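Trainee: Quick one: sequence and predicted model below, then my questions.
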Amino acid sequence: MRGPALIVLAGLALAGCQPAPVAAPAPASKASGAAHWAFGIGKNSVEMAWIADPATAEAPISLVCARGDGLMVVARAFRPVGSEERLTLGAGDDAFALVATNVADPEATLVRATGPADDALLTALASGRPISASYGAQRYGPIAAPPQALRRAFADTCRKLNTSRGDQV
């Protein structure tokens with residue numbers, strides 16, 4: 001399962017963090033080789049990545065929370081649209097708007113969006129409801145929520161990283 005770990009490290013690098021050793025990916029909820037959520041934690045960040053195709057370690061959606069930087073969604077499932085400035089992340093019926101970073105490169109193969117790691121968003125992600133994302137006319141999901149332990153670890157760590165006491169994680 002080296003592929004998911006590389007995706008996690010890549011996401012941490014995108015967030016400008018120095019990763020600590022990566023935790024083992026969460027076991028697949030289905031038979032080996034099934035799509036699943038991977039989890040990684042570093043000194044200054046935490047990430048959950050949806051691995052849709054374990055054979056290629058493809059992560060169409062990754063959620064990265066970095067110290068003091070809030071939440072970043074890396075959406076490889078979407079192609080940039082020059083006029084689109086919002087990516088919406090959903091957990092069940094709750095929707096949260098994030099600011100999408102438009103990439104000038106017409107060959108870009110992902111969209112990044114950032115926003116605050118506020119309690120409402122983290123509570124929704126930890127709730128166990130299906131996760132989805134939309135960007136302009138593009139949609140991804142809903143996909144099964146991460147396993148409970150991953151959801152809680154992500155939300156709790158993200159809260160700690162984005163509070164004044166976050167340096168004590």
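Mentor: Structure's in. What do you need? Numbers count the residues shown, from 1 in each chain.
Trainee: And the helices in the chain?
Mentor: 2-14, 119-126, 148-161 (DSSP state H).
Trainee: Mind telling me which of those helices the model trusts least?
Mentor: Note on the helices of the chain: helix 2-14 shows the lowest mean pLDDT, a mean of 42.
Trainee: Give me the below-cutoff pLDDT ranges for the protein.
Mentor: 1-32, 102-104, 106, 164-169 (pLDDT under 70).
Trainee: Swap in 80 and give it another go.
Mentor: Residues of the chain that meet the criterion pLDDT under 80 lie in 1-33, 102-107, 164-169.
Trainee: Strands along that one, start to end?
Mentor: Using DSSP state E, the strands assigned to the chain run over residues 36-41, 45-51, 61-66, 70-75, 86-91, 94-101, 111-115, 131-135, 138-143.
Trainee: Which strand residues bridge the spatially most central residue of the chain?
Mentor: Centroid-nearest residue in the chain: residue 63, 1.1 Å away (criterion: Cα atoms, centre = their mean). Counting by DSSP bridges, residue 63 is bridged to residue 48, residue 73.
Trainee: now the strands of the chain in TSV, with distance to residue 152?
Mentor: Where C-beta positions appear, they are placed from N, C-alpha and C, glycine not excepted. Converted to TSV, the strands of the chain look like this (distance: least, Cβ to Cβ, whole Å):
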stretch	distance to residue 152
strand 36-41	11
strand 45-51	11
strand 61-66	13
strand 70-75	16
strand 86-91	14
strand 94-101	17
strand 111-115	21
strand 131-135	15
strand 138-143	18
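Trainee: Can you say which of these is packed in most?
Mentor: strand 45-51 (a mean of 27; mean count of other Cβ atoms under 10 Å).
Trainee: Quick one: list the elements packing against that one.
Mentor: Here strand 45-51 touches helix 2-14, strand 36-41, strand 61-66, helix 148-161, going by 3 or more Cβ pairs under 8 Å, 6 or more residues apart in numbering; DSSP states H and E.
Trainee: can you give me the offset of that strand from its chain's centre?
Mentor: 5 Å (Cα atoms, centre = their mean, to the nearest Å).
Trainee: tell me the angle it makes with strand 61-66.
Mentor: Using axes from the mean of the first three to the mean of the last three Cα atoms, to 10 degrees, the direction of strand 45-51 lies 180 degrees away from that of strand 61-66.
Trainee: didn't residue 151 look like it was pressed against residue 126?
Mentor: Yes. If you go by Cβ atoms under 8 Å, residue 151 and residue 126 touch, sitting 4.6 Å apart.
Trainee: which residues touch residue 156?
Mentor: By Cβ atoms under 8 Å, 6 or more residues apart in numbering, the contact set of residue 156 is empty.
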